[in-house]
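> quick check, what structure comes out for this input:
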Amino acid sequence: MYLLEFSGRRSKIEKNRSQHEKIKRLINHLSIQCKTLDPFLIAENYDIEVRYVPFAENPKGQFINLFEKPMILLNESIKDSERRYYVMAHELYHALEHSSLAGYYVSTGLSRSKLEYEANRFAATLLLDHYVSENGTMPDTFGRLQLLYGVDEHMADYLEISKK
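Numbering: from 1, shown residues only. Here you go, the predicted structure:
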């Protein structure tokens with residue numbers, strides 16, 4: 001494996017590969033520990049409370065620590081939608097990997113774009129792996145993941161699945 005150097009920093013390609021490997025290790029760990037890749041069942045296994053709340057149109061979900069109790073809040077508008085799986089998986093990543101930062105970003109207002117991108121990648125990868133574990137095969141198209149789990153369209157290139 002070659003590591004491209006630019007001003008002493010790892011290349012974007014290497015960072016993405018490293019991030020993907022980290023996500024895959026976490027998903028493998030969750031699969032072994034929880035015996036499922038369903039994000040709702042994983043949250044239950046980790047004693048993370050999930051509530052549907054009457055947010056405005058946005059946010060679709062939010063992770064909070066309420067009195068040291070991890071909680072994922074989902075917009076009640078997605079309760080009966082497949083989108084709830086993707087949003088839940090996204091927030092689950094924040095709960096597992098960014099729990100100590102939740103208050104920091106709320107209080108400082110700093111950009112969370114890098115953390116959001118990581119959570120999106122985790123959500124898409126988790127749900128792809130969940131599909132494979134449930135069906136024994138890859139989905140024929142990315143549209144299948146969108147239909148079943150509400151995965152964002154911009155994740156198709158990351159997952160390298162046909163968009164048709």
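> now the strands for this protein?
5-6, 9-10, 49-53, 61-66, 69-75 (DSSP state E).
> any idea which of those strands scores lowest on pLDDT?
Mean pLDDT across these is lowest at strand 5-6; the value there is a mean of 42.
> which stretches of the protein have low pLDDT?
Within the chain, the stretches with pLDDT under 70 are 1-15, 100-112, 162-164.
> now H154, nearest residue through space, not along the chain?
N120 (7.8 Å; Cβ to Cβ, 6 or more residues apart in numbering). (C-beta placed from N, C-alpha, C; glycine too.)
> burial count for that neighbour?
Under the neighbour criterion other Cβ atoms under 10 Å, N120 is assigned a count of 19.
> so it touches L159, yeah?
No - judged on Cβ atoms under 8 Å, N120 makes no contact with L159 at a distance of 11.0 Å.
> circling back to that earlier point, most tightly packed of the strands of the chain?
Per-stretch averages of neighbours, counted by mean count of other Cβ atoms under 10 Å, single out strand 69-75 among the strands of the chain, with a mean of 19.
> what bridges to the residue nearest to K79 when sequence neighbours are not counted?
Leaving out its chain neighbours, the residue that sits closest to K79 by Cβ to Cβ, 6+ apart is Y52, at 5.0 Å. Beta-bridge pairing for Y52 (DSSP bridges): L74.
> tell me who's in contact with Y52.
When contacts are counted by Cβ atoms under 8 Å, 6 or more residues apart in numbering, Y52 touches L73, L74, N75, E76, K79.
> quick one: which of those is nearest N28?
N28 lies nearest to L74 out of the contacts of Y52, by Cβ to Cβ, at 25.6 Å.
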